Every structure is written in structure tokens, then in C-alpha cells.
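Colleague: Quick one, structure for this:
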Amino acid sequence: MTHFIAETDRDLPSAETVLSMSGLDFMRGILAGTISAPPISGLMGYRLDTVEAGRVVFRGTPEFSVCNPIGTVHGGWYGTLLDSCMACAVMTLVPKGSVYTTLEYKVNITRPIPLGTEILAEGRSQHAGRSTGVANGEIRGAADGKLYATGSTTCIVMKPG
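Modeller: As a prediction, the model looks like this:
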């Protein structure tokens, strides 16, 4: 399935669109391709794979463009994938009329991901209330299930206005 990647800020959903639906419906719209995927996903080589209430999975493959100077996958790639899957897991539990953003996140890299290895980054929300959301995440090899990194996040949930 091809996912639409925003080319300009005009391709991103408006605030009115975001606030008009629940976080779960919004994430399902991205998965279906009716709402633009975040531009960073195209830049970093990952895409939304699974959306459920409290759970989101991204699929990606690190390529040479995300290497650090010593030729291994940059820690920021791990962080970006984990931030995305964990925060989006919280998003699936955010009610219509509210938004969220990451307050903080932590990443633990357990082993290097070999370039070209397809991975799954899974986020699971443990809590999403009126003002905060909490989630954990893992990056694992898509073919062999090897654990490459874990993470945790706290998000703020807000009603604009």
C-alpha cells in the first residue's frame, strides 16, 4: 500500500481537521492514506503499519543516509522511530477535540541494527488521561524478532483554545 507523504505544509491536515476526530480515527486516516503521513517518515524511511486503540506499529529499514560518521545507524533514528510509535500509541486514545505532544522520552539501544534490516517499531500506551499519556516501545527485527531498542515516553494531552 502506498502512503501519501506531505510535500508541503498545505498537504498536512488543518487544526480543524485534527480536532474534528478522535486520535484513533486520525491515525486510521493516516494508515488508509486519506490523511497525509508526517513528512519525517519519508525522510527517515519508515511508514505506519498497524493502528489499534493503544497500539501503533511502524515498519522501516535504515539505509546509509541515517548513518553516523562511524557507519552505524545514528541513535536519532532509533529515537525518531520510538518517539513516533510511542506517541502515536497515546494519540490513538486521545478524544475528539484534544491534541497531544511528547513531553519527554527515553531510548535504550540494545544492539546495532544492520543497514538494510527491516524493523518493526511498536508502541503501546499504558495510560491516556485528560492531561497526560504514557507509553512504552520496542524496535525489533521484522524477520527474526531481535530486540534492538526499547523506550518510554510521557505525552501531554491538551484541549486547544
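
Colleague: For this protein, which helix or strand comes out least confident on mean pLDDT?
Modeller: Of the helices and strands making up the chain, the lowest-confidence element is helix 15-19, at a mean of 90, by mean pLDDT, DSSP states H and E.

Colleague: buried ones in that one?
Modeller: Applying a neighbour-count criterion of 16 or more other CB atoms under 10 Å, the buried positions in helix 15-19 are 18-19. To be clear about C-beta, it is placed using only N, CA and C from the backbone, and glycine gets the same treatment.

Colleague: What pLDDT is listed against residue 158?
Modeller: Residue-level confidence at residue 158 comes out at 94, pLDDT.

Colleague: Next: residue 14.
Modeller: pLDDT recorded at residue 14 is 88.

Colleague: Number the chain from 77, please
Modeller: Done: numbering now begins at 77, and the last item shifts to residue 90.

Colleague: related to what we said a few turns ago, tell me the gap between the least confident helix or strand of the chain and the middle of its chain.
Modeller: For helix 91-95, the distance between its averaged C-alpha position and the chain's averaged C-alpha position is 19 Å (CA atoms, centre = their mean, to the nearest Å).
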